[in-house]
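1. Predicted model and sequence below, questions to follow.
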Amino acid sequence: MAELTEILGREEMTKHLREAIVKEKVSHAYIFSGEPGTGKKTVAKVFAQTLLCEGIDKHMHKIGDATQEKAYACGVCKSCKMALSNTHPDIIFIERDKEKKTISVDDIREKLIEDAHTKPYSGRYKIYIIKEAQELSVEAQSALLKTLEEPPEYVVVMLLVSSADMLLHTIRSRAEHIEVPVLSNEIVERFLRESTENDSSVTEDDIKFAVAFAEGKIGRGMACFKNEHFKSLKEDVLNVVLNIKNMSIPEMTACVRKAEDYKDLLLDYYFELMTLWYRDILIFESTRDANGVVYKDYITQISKQSQVITFEGLENITEAIRKARQRIGANVSFEITMELLLTTICENVQG
């Protein structure tokens, strides 16, 4: 796990968090907002580790009458080792159960509100990290509000959310909001190269593809190499975009059922991989230049499809993908949504 000082491209944000520790002005509640894959969880985990580090005081050096703003976790104390292995008893992760549609009020009462009455096991703080906090039910947020209004002095709640606007105003008004921005392609590429430099199977094209897929989000870029399902996910998407015009209804139905296996974040990857394919066709159709194409291994197929899909057709397909994402986010039937998407793609491929 990186130190606060090592989180790439977020110098202002990490400086602010370090200053809060040094000046002992740590808030009882933080909202870390940003698109999936921007690194919200990494930032929250590193911040939590730093807050609980047993050697933290040793790193707050005095310069005259001022304290140097370089609070960081030592990485070697017992607390840091537990944080790094995700076994620290004072860092509690809360997320939606796979069988449920929301994080319920009962979840919040049991895992946070009631638990918060128990003092920290060993550290100064007891930290609750709520992943995908936009999935908190209204009732759960309302129940959480009382803890945020009158928190025990040792409680710190971190809500990770794609957009702070998805939380109740009363929650937002009682938490410090920190936006975790997307990174430049240069920073993402440097990180991916450093992370895969010992993997001889990773090619230059793999890196370029991962950078394009990441769109400034290191978590998404790393998924290309670290997510065990990513390769099969990509193959399934390619199967659809390459063969949909010739698919029978049973074959199309099989593709829908296969796509249903990819839930939550992976489903977002499914749509993004599909969007990249049609973006490649648009780029090639406009420029006839293969250099800007992401799916470089499939330039022949991209060239052929550019001849049978018009600009209007590409616009229709891109809009259909956007609507499919939106409908699934609104809990519209997955099967109906995907059938509509595949039908629209098929209708806009000529010949």
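-> Noted; the coordinates are in hand. Predicted, not measured: the structure shown is a model, and the values here were computed from it. Numbering: from 1, shown residues only.
2. contacts, neighbours, all on C-alpha from now
-> Noted.
3. any idea where the helices of the stretch 1-150 of the chain begin and end?
-> Counting by DSSP state H, counting those that start in this stretch, one finds helices in the stretch 1-150 of the chain at the ranges 11-22, 40-52, 78-84, 105-108, 138-149.
4. Please identify the most buried of those helices.
-> With neighbours taken as mean count of other Cα atoms under 10 Å, the helices of the stretch 1-150 of the chain reach their highest mean count in helix 40-52, at a mean of 23.
5. Report the backbone C-alpha coordinates of that one in PDB.
-> Extracted C-alpha coordinates of helix 40-52, given in PDB (Å, rounded to 0.1, in the frame of the first residue of the first chain):
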ATOM      1  CA  LYS A  40     -11.000   6.200  -3.400                       C
ATOM      2  CA  LYS A  41     -10.600   3.000  -1.500                       C
ATOM      3  CA  THR A  42      -6.800   3.200  -1.700                       C
ATOM      4  CA  VAL A  43      -6.900   6.800  -0.400                       C
ATOM      5  CA  ALA A  44      -9.200   5.900   2.500                       C
ATOM      6  CA  LYS A  45      -7.100   2.800   3.400                       C
ATOM      7  CA  VAL A  46      -3.800   4.800   3.400                       C
ATOM      8  CA  PHE A  47      -5.400   7.600   5.400                       C
ATOM      9  CA  ALA A  48      -6.800   5.100   7.900                       C
ATOM     10  CA  GLN A  49      -3.400   3.400   8.200                       C
ATOM     11  CA  THR A  50      -1.700   6.700   8.800                       C
ATOM     12  CA  LEU A  51      -4.200   7.700  11.500                       C
ATOM     13  CA  LEU A  52      -3.600   4.500  13.400                       C
END
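6. elements contacting it?
-> Applying 3 or more Cα pairs under 8 Å, 6 or more residues apart in numbering; DSSP states H and E, one finds that helix 40-52 contacts strand 29-33, helix 78-84, strand 155-161.
7. residues in contact with the second one?
-> The set of residues external to helix 78-84 that reach it, using Cα atoms under 8 Å, 6 or more residues apart in numbering, is 1, 45, 48-50, 52-54, 73-75, 88, 91, 123.
8. Extract the CA atoms of stretch 235-251 and return them as PDB.
-> Taking C-alpha atoms only, stretch 235-251 is exported to PDB below (Å, rounded to 0.1, in the frame of the first residue of the first chain):
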ATOM      1  CA  GLU A 235     -13.400 -12.100 -25.100                       C
ATOM      2  CA  ASP A 236     -17.100 -12.100 -24.500                       C
ATOM      3  CA  VAL A 237     -17.400  -8.400 -25.600                       C
ATOM      4  CA  LEU A 238     -15.400  -9.100 -28.700                       C
ATOM      5  CA  ASN A 239     -17.600 -12.100 -29.500                       C
ATOM      6  CA  VAL A 240     -20.600  -9.800 -29.500                       C
ATOM      7  CA  VAL A 241     -19.200  -6.900 -31.500                       C
ATOM      8  CA  LEU A 242     -17.500  -9.200 -34.100                       C
ATOM      9  CA  ASN A 243     -20.400 -11.600 -34.700                       C
ATOM     10  CA  ILE A 244     -23.700 -10.000 -33.700                       C
ATOM     11  CA  LYS A 245     -24.900  -9.500 -37.300                       C
ATOM     12  CA  ASN A 246     -24.800 -13.200 -37.900                       C
ATOM     13  CA  MET A 247     -26.100 -14.400 -34.600                       C
ATOM     14  CA  SER A 248     -29.200 -16.400 -34.300                       C
ATOM     15  CA  ILE A 249     -31.800 -15.500 -31.600                       C
ATOM     16  CA  PRO A 250     -30.600 -18.400 -29.300                       C
ATOM     17  CA  GLU A 251     -27.000 -17.200 -29.700                       C
END
